[in-house]
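Here is my input; please provide its structure:
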Amino acid sequence: MTEMFRCRVDKAVLKRAHEISEQMGASTSELVRIFLKAVAKTGQLPFTPKAESEEDEMPGPLERRREMNPTKNVLWNVSKG
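Residues are numbered from 1 along each chain as shown. Here you go, the predicted model:
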């Protein structure tokens with residue numbers, strides 16, 4: 001069984017991802033599925049994130065949510081399975 005998954009992505013990033021996935025002979029959706037399977041299997045990212053610009057070093061959504069509402073703790077439990 002499959003589920004529909006939606007997320008917001010910067011337009012330029014998505015355009016570039018489409019171009020690269022096409023060059024690789026895959027769809028962007030397939031590359032996302034491969035990424036999610038790797039995360040689910042290992043419980044971690046399949047690469048080490050690196051900041052390439054000052055903007056990349058800005059807090060991600062989880063950190064921004066914590067800053068906006070410090071009374072709520074968001075905990076993630078990733079189990080291997």
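
any low-confidence regions in the chain?
Low-confidence segments of the chain (pLDDT under 70): 51, 53-81.

how many other residues sit next to the nearest residue to residue 45 once chain neighbours are set aside?
Distances taken as CB to CB, 6 or more residues apart in numbering place residue 39 nearest to residue 45, at 6.5 Å, with adjacent residues excluded. Every residue, glycine included, has its C-beta placed from N, CA and C. Neighbour count for residue 39, taken as other CB atoms under 10 Å: 13.

ok, now how distant is residue 39 from residue 47?
Taking CB to CB, to the nearest Å as the measure, residue 39 and residue 47 are separated by 11 Å.

same question, residue 40
Distance of residue 40 to residue 47, given as CB to CB: 15 Å.

Now do the contacts for residue 30.
Taking CB atoms under 8 Å, 6 or more residues apart in numbering, we find residue 30 in contact with residue 21.

Point me to the helix or strand that includes it.
Assigned by DSSP states H and E, residue 30 belongs to helix 28-42.
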